[in-house]
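Trainee: The following comprises the amino acid sequence and a computationally predicted model.
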Amino acid sequence: MTFIRTIKGTQDILPGQSHRWQALETTIRNIMDRYGYKEIRTPVFERTELFARGIGEETDIVSKEMYSWTDQGGENLTLKPELTAPVVRSFIQHNLGGQSPINKLYYIDALFRRERPQKGRYRQFHQFGIEAFGSEHPEIDAEVIALAMALFSNIGLTGLTLKLNSIGSPECRRNYRNAIRDFLTPHFDELSETSRNRFEKNPLRILDTKIPHEIEILNDGPNVSDSWTEEDKTHFNEVCALLDAMGIQYELALRLVRGLDYYTRTTFEITSTALGAQDAICGGGRYDGLVETLGGKPTPGIGFAAGMERILLALGEESSSSSTNQVYIVGLGDAVRPTVLELAENLRRNNVATEFDTLRRSMKAQMREANKAGVKYAILIGDQELASGQAEVKDLSTGDQQKIALDALVAHINSLPF
RNA sequence: GUGGGUGUAGCUCAGCUGGUUAGAGCACCUGGUUGUGGCCCAGGAGGCCGUGGGUUCAAGUCCCAUCACUCACCCCA
């Protein structure tokens, strides 16, 4: 009989950790609100075809990482491996573009990819992100990036690097693809097997290589910037100028090609020095053709996705306690139980976080528990208190104790400093 | 899918070149005289030493296999 544990690459968020997630989520929602982004929630699964068309058949995500199945009705379904395609689908389906020329959306959600887990990579993981539809202008690029940076600094992440690039318009990409092929043809024999495969399917991705020899070859190769159209160039320069104006530091990364097919022009990535090999905390870019690809009216869009597990990893373990209890009621003897419950309920109804013993433990054990729970006050009720109608209220930090009439307890507790 | 590392108490780990009832710290529980927490002291509970085989008089320790976890490659958040 073997115990059934979590699926590889998934994890429980235990009570001692959940407050960290809550804090992160709260910050995200606050910042989103401040920047005018509204939450959108989409189903955990979608038609497989949505991802195949949206992300690209040749991408790793679609070709080998999706959790897909055929349901009893014969439909091909998939647990969402990323959120841009579902959000775009929703945007089109509900004609959000028709209701407002600009739509700024955000999400916090769980995603699924069947990869080999490692530090900062899980099969079920969480991302928050934004998608802004409707503007083709650099201002929105700059706002999206600024929001990401503001959010990270707000939660106290340091050691971040913003890497910025533009992979240009579709024409530019086409030209650049050819330029890369032309440049690499004489070096073809020196390339690795994966790079040779990419040579045909997606030569831009060869730029992602980490093999020193290939990096060396590429150093003399053409840059994307050589293939930019005038408009691409202007757009990129304006994005840079706006970031400069906001005092946001960035690094030009002309080799930065994101793995998803839908990107156009601006792409960016934010990495952290606090992580392992998987150091990208946030990645995003512009996808001006995607809405149309998925069957909507041509609509420019830009967004990013940030990995929450990686953020929490980079933040490290803080020693902040998650205790919220304020009062612990110590009851002594069988006779006081109804009074303890009544009192606890009254306090709780008056917004006082209250705890009491449900194990019928000794007074000493209850006091120890109160101490461990980190409450400020303990209320002691035994037979004597019941008889006199006065409970003992003890300040656990000072040890001071005073008698308070039972019917005045709630008011008294509310008047105390916490 | 490929490679490396690690599996001993709830957690972090000791256990030397194979040798008798497998240890520590933290956490947990109970006490330290009647109904008062923390600190201290005493005691207690908790281990198929991942699993299966093998070598040996003898295996937590050596060998093989297997599983799990983990890190890395690929790629990505």
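Mentor: Received, thanks. Numbering: from 1, shown residues only, chains lettered A, B, ... in the order given.
Trainee: Name the residues of the worst-scoring helix or strand of chain A on mean pLDDT that are buried.
Mentor: When the helices and strands of chain A are scored by mean pLDDT, DSSP states H and E, helix A:193-201 comes last with a mean of 75. Residues of helix A:193-201 classed as buried: A:Ser195, A:Arg198, A:Phe199 (neighbour count, 16 or more other C-beta atoms under 10 Å). The way it works is simple: take the backbone N, C-alpha and C, and place the C-beta from them, glycine included.
Trainee: Closest one to A:Gly295 out of the residues you listed, please.
Mentor: For the buried residues of helix A:193-201, the minimum distance to A:Gly295 (C-beta to C-beta) is 28.7 Å, reached by A:Arg198.
Trainee: List the contacts of the closest one.
Mentor: Going by C-beta atoms under 8 Å, 6 or more residues apart in numbering, A:Arg198 touches A:Arg205, A:Ile206.
Trainee: any idea how far it lies from RNA strand B?
Mentor: To RNA strand B, A:Arg198 is 7 Å away according to C-beta to the nearest atom of the strand, to the nearest Å.
Trainee: Check A:Leu218 too.
Mentor: Taking C-beta to the nearest atom of the strand, one finds A:Leu218 at 13 Å from RNA strand B.
Trainee: How about A:Asp109?
Mentor: From A:Asp109 over to RNA strand B (counting by C-beta to the nearest atom of the strand), the distance is 11 Å.
Trainee: ok so that residue is a strand residue?
Mentor: Yes. Applying DSSP: H, G, I helix; E, B strand; the rest coil, one finds A:Asp109 inside a strand.
Trainee: Settle this for me: it is touching A:Phe125, isn't it.
Mentor: No. At 10.0 Å, A:Asp109 and A:Phe125 do not qualify as touching, with contact defined as C-beta atoms under 8 Å.
Trainee: returning to what we had before: list just the nearest of the buried residues of helix A:193-201 to A:Arg29.
Mentor: Looking across these and measuring by C-beta to C-beta, the closest to A:Arg29 is A:Arg198, at 39.7 Å.
Trainee: Stretch A:73-89: which residues count as buried?
Mentor: A:77-89.
Trainee: number of nearby residues for A:Glu238?
Mentor: Using other C-beta atoms under 10 Å, A:Glu238 is surrounded by 15 other residues.
Trainee: what about A:Ser397, neighbour count?
Mentor: Counted with other C-beta under 10 Å, A:Ser397 comes out at 9.
Trainee: How about it: what's its closest non-neighbour residue?
Mentor: Closest residue to A:Ser397 in three dimensions, ignoring its sequence neighbours and counting by C-beta to C-beta, 6 or more residues apart in numbering: A:Lys376, at 6.7 Å.
Trainee: how about the one you found, what does it touch?
Mentor: If you count contacts by C-beta under 8 Å, 6+ apart, then A:Lys376 has A:Gln326, A:Val327, A:Asp395, A:Leu396, A:Ser397, A:Leu416, A:Phe418 around it.
Trainee: how about the fifth one, secondary structure?
Mentor: Taken by three-state DSSP, the conformation at A:Ser397 corresponds to coil.
Trainee: Roughly how far does it sit from A:Pro417?
Mentor: 11 Å (C-beta to C-beta, to the nearest Å).
Trainee: ok, the spatially closest residue to A:Leu290 that is not a sequence neighbour - how many residues close by?
Mentor: Leaving aside its chain neighbours, A:Leu290 sits nearest to A:Tyr262 (4.4 Å; criterion: C-beta to C-beta, 6+ apart). Other residues lying near A:Tyr262 total 23 when counted by other C-beta under 10 Å.
Trainee: these two touch, right, A:Tyr262 and A:Phe51?
Mentor: No. Using C-beta under 8 Å, A:Tyr262 and A:Phe51 do not qualify as a contacting pair, with a distance of 11.2 Å.
Trainee: which residues of the stretch 1-150 of chain A score low on pLDDT?
Mentor: Residues of the stretch 1-150 of chain A meeting the criterion pLDDT under 70: A:1-2.
Trainee: Keep only those of the buried residues of stretch A:73-89 that are in strands.
Mentor: The members of these that map onto strands under DSSP state E are A:Leu77, A:Thr78, A:Leu79.
Trainee: what about A:Tyr328, which helix or strand?
Mentor: Assigned by DSSP states H and E, A:Tyr328 belongs to strand A:327-331.
Trainee: ok, now A:Leu147?
Mentor: helix A:138-154.
Trainee: Sort out which residues of that helix are buried, please.
Mentor: So helix A:138-154, judged by 16+ other C-beta under 10 Å, has buried residues A:138, A:140-149, A:151-152.
Trainee: What about A:Val340, how many residues nearby?
Mentor: Neighbours of A:Val340 using other C-beta under 10 Å come to 20.
Trainee: buried stuff in stretch A:175-182?
Mentor: Applying 16+ other C-beta under 10 Å to stretch A:175-182 flags A:Asn175, A:Tyr176, A:Ala179, A:Ile180 as buried.
Trainee: would you say the first one is within a helix?
Mentor: Yes. A:Asn175: assigned to a helix according to three-state DSSP.
Trainee: which non-adjacent residue is nearest it?
Mentor: A:Ser227 (4.4 Å).
Trainee: OK, contacts around that neighbour?
Mentor: So A:Ser227 contacts A:Gly168, A:Cys172, A:Arg173, A:Asn175, A:Tyr176, A:Ala179 (C-beta under 8 Å, 6+ apart).
Trainee: can you redo those residues as TSV with pLDDT and distance to RNA strand B?
Mentor: Shown next, in TSV, are the contacts of A:Ser227 (pLDDT from 0 to 100; distance: C-beta to the nearest atom of the strand, whole Å):
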residue	pLDDT	distance to RNA strand B
A:Gly168	89	17
A:Cys172	88	19
A:Arg173	84	15
A:Asn175	87	21
A:Tyr176	86	17
A:Ala179	87	20
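Trainee: Specify which member of those is nearest to A:Val352.
Mentor: The nearest member of the contacts of A:Ser227 to A:Val352, counting by C-beta to C-beta, is A:Gly168 at 60.3 Å.
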